[in-house]
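1. return atomic coordinates for the entry below.
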Amino acid sequence: MIFIIAFLGAITPGPDILLVLQTTLRCGFKRAIITLLGIATGWIFYLTIVYFGFTKFFRTDLAQILLSAFGAVYLGYLAFLLLKKSGNKLDLDDKSSELGKSMESSVESSESAKPLESTESSKSTKSKEADNLSDTNPSGGYLKGLFVNLSNPKAILFFGVLYAPFMGKNLLSSLVLLFLGLVSAFMLVIIIGSFARKFITNHLFDIIDKVCGVVFLIFSLLLFWRIFELINS
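-> Numbering: from 1, shown residues only. Here you go, the predicted model:
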């Protein structure tokens with residue numbers, strides 16, 4: 001029962017599942033798994049809190065305000081990056097991507113042998129690398145997943161309150177089943193997204209990025225509103 005509840009709860013729309021889907025469509029299976037590892041690390045953090053009985057502290061107004069503030073700022077930052085982002089130019093052909101990487105490696109080698117490269121070209125390359133940092137840097141995807149997961153102040157309430165009535169006598173086994181249910185739901189999204197990725201154009205990627213940006217912005221504003229309510233309560 002706890003596995004099914006966790007699976008259904010995870011599959012519902014939210015920042016975590018939206019980030020994984022967007023990463024899968026943009027960057028593919030491997031990058032999505034790295035992002036999922038970051039999210040799963042957040043789950044382990046919250047499940048550890050539940051296991052050792054620290055949920056009361058994280059349900060206090062002060063803790064909720066701090067978590068909400070972190071989440072609102074970070075989700076707002078992600079929304080800003082997605083909404084200001086220029087058009088996508090992604091090559092979804094795996095073979096072409098591998099060839100492109102080989103060509104980039106050879107170009108970098110030849111550039112290292114030519115110290116007289118123009119300043120404007122160097123700046124342009126660095127600018128592109130900075131813009132695509134989250135796509136090319138595995139640690140960036142991991143940290144993004146972790147921060148998005150930790151940015152949800154209601155997560156501790158879901159883990160500590162919503163799932164509590166379904167926990168068995170063995171709390172550790174129940175938490176493991178809960179974790180597996182969450183992972184299974186996200187893996188299903190990644191598999192479906194990896195398949196659908198083959199049929200998506202760059203124009204549709206642009207639309208997906210903008211939709212994700214708007215949704216992240218809405219979640220950010222909702223967290224700011226939650227902070228306002230907590231302060232006035």
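2. just checking, what packs against the longest helix seen in the chain?
-> Within the chain, and with DSSP state H defining each element, the longest helix by residue count is helix 202-232. Here helix 202-232 touches helix 15-27, helix 61-84, going by 3 or more Cβ pairs under 8 Å, 6 or more residues apart in numbering; DSSP states H and E. Using the backbone N, CA and C atoms, a C-beta is placed for each residue, glycine as well.
3. please identify the most buried of these.
-> Greatest average neighbour count among these goes to helix 15-27 (a mean of 22), per mean count of other Cβ atoms under 10 Å.
4. next structured bit after that helix?
-> Counting by DSSP states H and E, the next helix or strand C-terminal to helix 15-27 is helix 29-51.
5. now that following helix: buried residues?
-> With burial defined by 16 or more other Cβ atoms under 10 Å, the residues of helix 29-51 counted as buried are 31-36, 38-40, 42-43, 46-47, 49-50.
6. which one is the spatially most central residue of the chain nearest to, not counting chain neighbours?
-> Nearest to the mean C-alpha position of the chain, by Cα atoms, centre = their mean, lies residue 145 at 3.5 Å. Using Cβ to Cβ, 6 or more residues apart in numbering and skipping the chain neighbours, the partner closest in space to residue 145 is residue 38 (2.7 Å).
7. surely that neighbour meets residue 140?
-> No: Residue 38 is not in contact with residue 140 according to Cβ atoms under 8 Å; the separation is 9.6 Å.
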